[in-house]
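Peer 1: need coordinates for the below:
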Amino acid sequence: MKIKIPVFLILLLLVKAGYAQVEDTSRLSILFAGDLMGHDGQIKSAWDEKSKSYNYDTCFSQIRDMVSSADIAVLNLEVNLAGEPYKGYPQFSSPDELAEAAKKAGFDIFINANNHALDRGKKGIERTIDVLDNFGIIHTGTFKDVSQREINYPLIIEKNNIRLAILNYTYGTNGLTVSPPNIVNYIDTAGIKEDIAKARLAEPDFIIVTLHWGQEYQRNENQQQRDLAEFLFQNGADAIIGSHPHVIQPIKKYYRNPNDSSDYNLVVYSLGNFISNQGDRYRDGGLMVELQITKAKSARLTSLKTLPVFVYKPDRPGGGQEFVLLPANDAEEMINRFKMPDSDQFYFNTFIEDTREHLKGF
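Peer 2: Numbering: from 1, shown residues only. Down below sits the predicted model:
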């Protein structure tokens, strides 16, 4: 079997920061963010009455430097870009400007296999793919047809002399059935095993599987997630990044060698929400994680940064709300910058403490 590596994708990422000089030791940072959602309140907030257009740039204004500093940045696109009428829950279609703003903030790759992938049916899948292509955004998990999947999947990315394979799957699509020839990657162990074997033909240094799995609003992973993680590691995955529960779930290491604490597989069970209009406790923010992969003779994960982000919704002068992602590691500066009232500080600090307690050790 011969795998076709999508060269245009590889070159696009290389252009972002210039060609890296190959040294004896290569390093690559890859950042993952959780669910990019588009509830009705977010759509309303993005409308600019003066320009008669949508603009989401403010959402990412405070985290842009964190995102763009990573060599590669990835997020879960949990909406369709199906065009008007724009709508939030339960069947999402957001303005194209949402994806455009995320790209301007530094995100390179969107993963599309999630339970909202079929919200607008065939038009939703195909137009979302077209919009992302037009913006020059790399994407995976949904495909117009078999030939597109054969050529572009698994997604192979090379940068800084390190080659990654990125795979993406979802547990389901809210009971909706995909219309041929469109394809959504569903979680199926036999199919995933074949895909990992195909990925290996491209000789990747590191294999990452991104999964839409677990149970909504549950702060701990379930046995089904643990079993699937074990299966993926046994079949060659190096790391797993999870989404769907809309709350942060634990991060765990699975040691390959009990005598070597530096040699392990990693699973982030759920990053939680990235940006949304879910304001309940534990859902009002999420996690970005940055993996540092180092390659000498072989590649391995050498460090992990956790970067909690809070969804702040300050009142807008003249009425309405804004949506702004605030980095929790700069909490004091953010509180002062936004002149945050005591009530909002309480929610921000509660999110920080909840996250710190839940991720002890990371």
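Peer 1: switch to C-alpha atoms for all contacts and neighbour counts from now on
Peer 2: Fine.
Peer 1: which residues touch Ile138?
Peer 2: The contact partners of Ile138, by CA atoms under 8 Å, 6 or more residues apart in numbering, come to 9, 108-110, 132.
Peer 1: any idea how far Asn277 is from Val309?
Peer 2: According to CA to CA, to the nearest Å, Val309 and Asn277 sit 14 Å apart.
Peer 1: name the residue in these two with the higher neighbour count.
Peer 2: The neighbour comparison of Val309 against Asn277 (other CA atoms under 10 Å) goes to Val309, with 29 against 20.
Peer 1: Glu84: what secondary structure?
Peer 2: Following DSSP: H, G, I helix; E, B strand; the rest coil, the label given to Glu84 is coil.
Peer 1: go ahead and confirm it touches Arg120.
Peer 2: No: with contact defined as CA atoms under 8 Å, Glu84 does not reach Arg120; the gap is 10.7 Å.
Peer 1: looking at those two now, which is surrounded by more residues?
Peer 2: Counted by other CA under 10 Å, Glu84 and Arg120 do not tie: Arg120 has more neighbours, with 21 against 9.
Peer 1: quick one: contacts for the more buried one?
Peer 2: Arg120 sits next to 80, 82, 91-93 when contact means CA under 8 Å, 6+ apart.
Peer 1: from the chain's centre, how far out does the helix or strand containing Leu164 sit?
Peer 2: Using DSSP states H and E, the element containing Leu164 is strand 162-170. With CA atoms, centre = their mean, to the nearest Å as the basis, strand 162-170 stands 12 Å off its chain's centre.
Peer 1: just checking, what packs against it?
Peer 2: Other helices and strands packing on strand 162-170, by 3 or more CA pairs under 8 Å, 6 or more residues apart in numbering; DSSP states H and E, are strand 26-36, strand 155-159, strand 206-212.
Peer 1: could I get the ones you listed as a markdown table with mean neighbour count?
Peer 2: Listed next are the helices and strands packed on strand 162-170 as a markdown table, based on neighbours: other CA atoms under 10 Å:
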| stretch | mean neighbour count |
| --- | --- |
| strand 26-36 | 23 |
| strand 155-159 | 22 |
| strand 206-212 | 23 |
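Peer 1: just the buried residues of stretch 119-132, please?
Peer 2: For stretch 119-132, burial by neighbour count (16 or more other CA atoms under 10 Å) applies to 119-122, 124-129, 131-132.
Peer 1: ok, the nearest residue to Ser93 once chain neighbours are set aside - contacts?
Peer 2: Leaving aside its chain neighbours, Ser93 sits nearest to Asn80 (4.7 Å; criterion: CA to CA, 6 or more residues apart in numbering). Contacts for Asn80 (CA under 8 Å, 6+ apart) come out as 92-94, 116-120, 124-125, 128.
Peer 1: any chance of the residues you listed in JSON lines, with pLDDT and secondary structure too?
Peer 2: Formatted as JSON lines, the contacts of Asn80 follow (pLDDT from 0 to 100; DSSP: H, G, I helix; E, B strand; the rest coil):
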{"residue": "Phe92", "pLDDT": "97", "secondary structure": "coil"}
{"residue": "Ser93", "pLDDT": "97", "secondary structure": "strand"}
{"residue": "Ser94", "pLDDT": "98", "secondary structure": "coil"}
{"residue": "His116", "pLDDT": "98", "secondary structure": "coil"}
{"residue": "Ala117", "pLDDT": "98", "secondary structure": "coil"}
{"residue": "Leu118", "pLDDT": "98", "secondary structure": "coil"}
{"residue": "Asp119", "pLDDT": "97", "secondary structure": "coil"}
{"residue": "Arg120", "pLDDT": "97", "secondary structure": "coil"}
{"residue": "Gly124", "pLDDT": "97", "secondary structure": "helix"}
{"residue": "Ile125", "pLDDT": "98", "secondary structure": "helix"}
{"residue": "Thr128", "pLDDT": "98", "secondary structure": "helix"}
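Peer 1: tell me which of those residues is nearest to Cys59?
Peer 2: The closest of those to Cys59 turns out to be Ser94 (CA to CA; 14.3 Å).
Peer 1: hmm, the closest one is touching Glu100, no?
Peer 2: No: with contacts counted by CA under 8 Å, Ser94 stays clear of Glu100, the gap being 11.3 Å.
Peer 1: neighbour count for these two, which is higher?
Peer 2: Ranked by neighbour count (other CA under 10 Å), Ser94 and Glu100 place Ser94 first, with 26 against 20.
Peer 1: against Ala117, how distant is that one?
Peer 2: Remark: distance between Ser94 and Ala117 (CA to CA) = 13 Å.
Peer 1: list residues touching both of these two?
Peer 2: With CA under 8 Å, 6+ apart as the test, Ser94 and Ala117 both reach 79-80.
Peer 1: now for this protein, the helix or strand with the poorest mean pLDDT.
Peer 2: For the chain, counting by mean pLDDT, DSSP states H and E, helix 7-17 ranks last in confidence among helices and strands (a mean of 42).
Peer 1: coming back round to it: can you put the contacts of Ile138 in CSV and add secondary structure and distance to Asp315?
Peer 2: What follows is the contacts of Ile138, written out as CSV (DSSP: H, G, I helix; E, B strand; the rest coil; distance: CA to CA, whole Å):
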residue, secondary structure, distance to Asp315
Leu9, helix, 40
Asp108, coil, 31
Ile109, strand, 31
Phe110, strand, 30
Leu132, helix, 31
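Peer 1: from these, which single one is nearest His246?
Peer 2: Distance to His246 across the contacts of Ile138 (CA to CA) is lowest for Phe110, with 17.3 Å.
Peer 1: ok, and the closest non-adjacent residue to the closest one?
Peer 2: His139 (4.7 Å).
Peer 1: good, wrapping up.
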